[in-house]
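Engineer: Test case, fold it:
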Amino acid sequence: MPSDISPDVLYTMYTKWLAYDLPSGVQEKIEALSSQVMESIGDVIFAIYQFDEKTGYEFGEKTAEVVMPALMLCYFIGYELASGKMQRKDGTDYLIAATEPIQSFILGNVSALAKQGIPIQDNHKKELMVTAKLVGDMANELCVLGIDNFTHVNYR
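Structural biologist: Residues are numbered from 1 along each chain as shown. Down below sits the predicted model:
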């Protein structure tokens with residue numbers, strides 16, 4: 001983790017807010033933003049190395065398993081901020097910690113390809129930076145969406 005925020009703290013926050021229904025349209029918005037991130041990750045990884053169809057499908061599933069909960073957590077960080085349970089100055093550190101699994105997933109896959117002798121071209125490195133920025137942008141957007149929707153939270 002990039003900070004002192006433990007995975008246990010993030011998990012507790014995530015599971016606490018899962019007990020509440022999402023306001024109308026929020027799930028779709030989260031899925032749309034997550035899809036943008038997953039597509040960007042897939043595009044850059046597939047540009048580096050062309051997988052067969054089965055491996056590509058499995059990679060997509062693994063990508064979703066990492067991206068979806070991490071970005072959902074960014075939305076819940078917005079709830080924490082709006083509820084006053086989290087100090088505004090700590091929000092960025094929590095967003096960085098929440099998206100760290102995505103960044104590690106990307107880096108791990110690129111490193112695995114490089115270890116296999118697959119060259120990582122300069123244009124791939126640029127695309128990786130674009131993807132990293134997109135992850136941060138989506139984390140911020142979802143956090144703001146959480147803040148904006150906090151007053152519409154309903155316990156199940």
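Engineer: so where's the chain uncertain?
Structural biologist: Scanning the chain for pLDDT under 70 picks out the ranges 1-3, 154-156.
Engineer: Give me the phi and psi angles of the most far-flung residue of it relative to its centre.
Structural biologist: Computed with CA atoms, centre = their mean, the residue of the chain farthest from its C-alpha average is residue 117, at 28.1 Å. Here is the backbone geometry of residue 117 (degrees, to the nearest 10): phi 90, psi 10.
Engineer: again with residue 21
Structural biologist: phi -70, psi 140.
Engineer: and it, how many neighbours does it have?
Structural biologist: Number of residues near residue 21 (other CB atoms under 10 Å) recorded here: 13. (Glycine included, C-beta is placed from N, CA and C.)
Engineer: buried sites along the longest helix along the chain?
Structural biologist: If you go by DSSP state H, the chain has its longest helix at helix 53-83. Along helix 53-83, these residues count as buried under the neighbour rule (16 or more other CB atoms under 10 Å): 59, 63, 66-82.
Engineer: Also stretch 131-151?
Structural biologist: 131-132, 134-136, 138-143, 145-147, 149-150.
Engineer: Stretch 115-128 now?
Structural biologist: 124, 127, 128.
Engineer: Among those, which one sits closest to residue 95?
Structural biologist: residue 128 (19.4 Å; CB to CB).
Engineer: which residues does the closest residue to the closest one other than its chain neighbours contact?
Structural biologist: Distances taken as CB to CB, 6 or more residues apart in numbering place residue 44 nearest to residue 128, at 5.7 Å, with adjacent residues excluded. Neighbouring residues of residue 44 by CB atoms under 8 Å, 6 or more residues apart in numbering: 106, 124, 127, 128, 130, 131.
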